[in-house]
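Peer 1: this one's sequence-less:
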């Protein structure tokens, strides 16, 4: 749906940007202001418990923060196309981490051919910026402005800020931008955290493989502090760095230490092709990050989790979500031509660090953020299925989305064979297609996912098979606690997210069947005596269905621009 | 073909092991000594210009050295099965790097349930070891002995040596083994080089993610010098480290510096699943290796090149070859059940370091070792094919193997679209299967290989799609030399090896069609004006066909054990 040009121009005139301060924005006539774009979330590939934009193309999550009980998610957004370009900051809010309400676009280009690229946001409780003399809930967004010339070539990327008096629903550009100037065409994606009485930014000099650390007292004046350079896999560009404090937990869950983590997304040039995110564990002293070892670790064993960001303002275990796609095929996936949208975010994940047996070592643990708000009917529970199997036909589940847990205990790997497996297979009886995944308990103890038996998307970069080794936790060594295998998974139409080994490994996998997958079979085979297998399958409830009007359209927060602030706050409080 | 037990025992008694020194070997009754195993190299999946064992299962290359014009290749060998186990050192020799003559097994287990694992070999020109009072061509092999207990559990892995008076055809175990003792079950794969007047060993403490450096004056007494720990991707184990000196060349090929490289193979836990090899560039002072950066780089963008080793005794550009497989499926590939063998080695590759534009940076360059010995008829040459295509039917090529070069120059990437491609597609008209690969000239400039349209092997770990970004060399930046794309590839029945970007990226891909691929199409599409495309296709000559007897059996060097030495030297000189 496109608004008439005349309406758009008048709506644009109402948008909350401060012409009075000499800072204007460029509103493409095809982009509405002050009201969200409407979306239809009923397509057979449209995820039901994940965030995806109402229409158009989405990429990186941006500006994520948590304030007064509301998660704010912004995102790289092209509201006028099904591929990247014309970048804005889309916006959605959620009180439960799953049910997202679409909000009006939060940041428009400051001028034509200057796009709002990725960045972050903070809550300036103490009014260090001076933007918020009368409030302790001021929000400042910090992001990259990317200039393109008329011939399409790249101009400088600089770092800019905008501030919000209404908890992030509307922003005004700072009139002193850029806050970090540059002549580089590859300098972007600032992520800001609070450290002591300072602000700390990590930002990428992408093609120099540098994550630069800057500090600031007020979010306006930034001082370079250090570079974190040439670490890990380089690919061809660094993007979207994050710096985050994370608790270290022992195997009983007790906090025994805390460390900092730097995540770096790289694109292109990932080992599996395209985009991937790696991380480094270490210490941070306010200006310098020091790794605890020279290892590089990946956040995901599959191919569809990029540019994840951690919410500002979350205490304890940090929470992240990522862009569930890969630049190799993000602009080609069939959701675009079939349903008018491209890209969803991953589920929100709760994170901490742990260190287990040598063959796993230091790792970030990913736990699914409390899924209670989306949990539906229990479809099947098997508490000790032995070398048996269960089959669940979920064709009647309206969301076509499931939550599954599987646990294996008491399994002696020394007695397992190469045929000892626990397989989860999702099939479409209509088309014969299937998504295969499962555990092997012999050899390298891998968990695998194979989307190669689906036929809805033929693309030479759409890799079919993913796996990760050593997915058990605790030890099979003599005299020690026997190993346990665990899996939690969400399948959501075109998305499959699995968390194995107690969350020590996560895999995010897009999938495009030609017909919906509606049957899941879980089968244990050739397990040695003593192994106990439990499996449980639940339906999930769509977070979008309840927001749709009679025509099936999700309008989002459609209060007018002049009342957005109040309404937005009401929604969030 | 299996020898009768009685014959084997008598042959074993003749084998060149020194019972006189109290060091005996264990000869499995099913394994011949003093003569190579015979092999049939005519199967439709059997590679014709690569080394593969006559029968049985092969893994890591071992003990590689070059002496008096002969390349010696040893390899982890199970002569009695089609999966790993019962490890010996198989042996083959070549004067041209391609035509390999099978030799008798070089190292047998020293006792039952103690296996000869991976290691290396050196030429002890100055008789530092004392084994060679009367010769300057003594060869010492340095390797891991791995003990297994009767219940199948692992015992210690220790480092041992054996010496050869006949340039590597037969070995005697040193009676002072082990030369490095250990109680660890995960301590293996010593690689020895000469540095100054010392021997230097790198060896893996696999599960501690340590490459230890040891030094020795005589190959018998080893002193620990340093550890290189927790670098890069860890997977679950480090294996098969190499330390090698490499020239640094500028883009014109001139040597401008020299560096050392440490390669580490890791298994399981590679990003693509299973096995992969990474490397680190830096300096070595005889005891310590220091990296020039904290980056990790991979030797291959696909999944089938593991545990590569560099030949000892090669001056100038080092030469390596690797095991062309992956532990995730090495024991399941269809060559075993169909043809009685599993695993081939990669082509030999000549290596140097270079540093190009920022988006590529430091990298090892892989050049195919001079292929003249295998080059056959020129099948097609197109010097400026524009947006056209060529098709070559090579059903008449007896080897079913091709060498292909493609070059693109003068292409302005700013004018390329997402449809600008150069695709190479190999098909089987009989089955409709195809192997797809090619360049994209827009966006991330990837090269891809897709083996997902072949149906000869269904395995959940047999990943189908591989790609690498930025495969051009030189720059597309304004005012600089335009980018060039180049590809050299060998397709050899069940193997495809591609070298793109002037060898800056290498991909090794196993493939299993149900029917032979016999047609190749090379098609350029949507290239902007100015782009020049040249393509050339040659037949390759089988290196095995000429060694076969009338029954099609390759016997190898079948001179008796007592004359092996002389004959072997004659073959090699």
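Peer 2: Received it, and whenever you're ready, just let me know what you need. For clarity, every value in this text was computed on a predicted model and none was experimentally measured.

Peer 1: contacts and neighbour counts: CA atoms only from here.
Peer 2: Fine.

Peer 1: so where's chain A uncertain?
Peer 2: A:1-24, A:357-358, A:475-481, A:560-573 (pLDDT under 70).

Peer 1: please parse it into its domains.
Peer 2: A:5-355, A:371-540 (automatic domain parsing).

Peer 1: and chain B, is the shortest one touching that?
Peer 2: When you say that, I think you mean domain A:371-540. Yes: counting by Cα under 8 Å from any Cα of the partner chain, chain B has neighbours in domain A:371-540: A:444, A:448-450, A:460-470.

Peer 1: just the ones in strands from those, please.
Peer 2: A:448-450, A:465-468 (DSSP state E).

Peer 1: and those as TSV, adding neighbour count?
Peer 2: Formatted as TSV, those follow (neighbours: other Cα atoms under 10 Å in any protein chain shown):
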residue	neighbour count
A:448	24
A:449	27
A:450	24
A:465	24
A:466	26
A:467	27
A:468	27
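
Peer 1: which of those residues lies closest to residue B:513?
Peer 2: Of all those, residue B:513 sits closest to residue A:465, with 18.4 Å by Cα to Cα.

Peer 1: need the nearest residue in space to that closest one, chain neighbours excluded.
Peer 2: residue A:450 (4.5 Å; Cα to Cα, 6 or more residues apart in numbering or on different chains).

Peer 1: quick one: the one you found and residue A:464 touch, right?
Peer 2: Yes: if you go by Cα atoms under 8 Å, residue A:450 and residue A:464 touch, sitting 5.6 Å apart.

Peer 1: please identify the buried residues of stretch A:182-196?
Peer 2: A:185-194 (16 or more other Cα atoms under 10 Å in any protein chain shown).

Peer 1: any bit of that stretch sitting next to chain B?
Peer 2: No: Stretch A:182-196 does not reach chain B (Cα under 8 Å from any Cα); its nearest approach is 11.6 Å.

Peer 1: other residues contacting the helix or strand containing residue A:145?
Peer 2: Using DSSP states H and E, residue A:145 maps to strand A:139-148. For strand A:139-148, the external contacting residues (Cα atoms under 8 Å, 6 or more residues apart in numbering or on different chains) are A:63, A:113-124, A:154-168, A:185, A:187-192.

Peer 1: give me the contact list for the helix or strand just after it.
Peer 2: Using DSSP H and E, the helix or strand that follows strand A:139-148 in sequence is strand A:154-164. Strand A:154-164 is contacted by residues A:131, A:138-149, A:170-174, A:177-188, A:190, A:219-220 when judged by Cα under 8 Å, 6+ apart.

Peer 1: taking the ones in strands among the residues of domain A:371-540 next to chain B together, which two end up most distant?
Peer 2: Between any two of these (Cα to Cα), the greatest distance is 12.2 Å, for A:450 and A:468.

Peer 1: so does stretch A:208-217 get close to chain B?
Peer 2: Yes: with Cα under 8 Å from any Cα as the criterion, chain B is reached by stretch A:208-217 at residue A:208.

Peer 1: in that stretch, what's buried?
Peer 2: A:208-216.

Peer 1: and if you look at stretch A:256-266?
Peer 2: Result for stretch A:256-266 [16+ other Cα under 10 Å]: buried residues A:259-266.

Peer 1: which one of those residues sits closest to chain B?
Peer 2: Closest approach to chain B among the buried residues of stretch A:256-266 (Cα to the nearest Cα): residue A:266, at 11.5 Å.

Peer 1: OK, contacts around the residue most central in space within chain A?
Peer 2: For chain A, residue A:322 is the residue whose C-alpha lies nearest the centre (Cα atoms, centre = their mean; 1.6 Å). Neighbouring residues of residue A:322 by Cα under 8 Å, 6+ apart: A:60-61, A:305-309, A:345-347.

Peer 1: tabulate the buried residues of stretch A:208-217 (TSV), appending distance to residue A:40 and secondary structure.
Peer 2: As requested, the buried residues of stretch A:208-217 are exported to TSV (distance: Cα to Cα, whole Å; DSSP: H, G, I helix; E, B strand; the rest coil):
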residue	distance to residue A:40	secondary structure
A:208	42	helix
A:209	40	coil
A:210	41	strand
A:211	39	strand
A:212	41	strand
A:213	41	strand
A:214	42	strand
A:215	43	strand
A:216	43	strand
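
Peer 1: for these, which one is nearest chain B?
Peer 2: For these, the nearest to chain B is residue A:208 (6.7 Å; Cα to the nearest Cα).

Peer 1: what's the spacing between the closest one and residue A:119?
Peer 2: 19 Å (Cα to Cα, to the nearest Å).

Peer 1: contacts made by stretch A:396-405 with the rest, please.
Peer 2: In contact with stretch A:396-405 (Cα under 8 Å, 6+ apart) are residues A:48-49, A:375, A:394, A:486-493, A:516-518, A:535-542.

Peer 1: can you tell me, leaving aside adjacent residues, what's nearest to residue A:554?
Peer 2: Nearest to residue A:554 is residue A:548, by Cα to Cα, 6+ apart, at 4.3 Å.

Peer 1: actually residue A:505, not the one I typed
Peer 2: residue A:499 (5.8 Å).

Peer 1: contact partners for that neighbour?
Peer 2: If you count contacts by Cα under 8 Å, 6+ apart, residue A:499 has them with A:366-367, A:487-489, A:505-507.

Peer 1: in a markdown table: these, plus neighbour count.
Peer 2: Converted to a markdown table, the contacts of residue A:499 look like this (neighbours: other Cα under 10 Å):
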| residue | neighbour count |
| --- | --- |
| A:366 | 25 |
| A:367 | 21 |
| A:487 | 23 |
| A:488 | 21 |
| A:489 | 20 |
| A:505 | 27 |
| A:506 | 26 |
| A:507 | 24 |
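
Peer 1: next, format those as JSON lines and append secondary structure.
Peer 2: Putting these into JSON lines (DSSP: H, G, I helix; E, B strand; the rest coil) gives the following:
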{"residue": "A:366", "secondary structure": "strand"}
{"residue": "A:367", "secondary structure": "strand"}
{"residue": "A:487", "secondary structure": "strand"}
{"residue": "A:488", "secondary structure": "strand"}
{"residue": "A:489", "secondary structure": "strand"}
{"residue": "A:505", "secondary structure": "strand"}
{"residue": "A:506", "secondary structure": "strand"}
{"residue": "A:507", "secondary structure": "strand"}
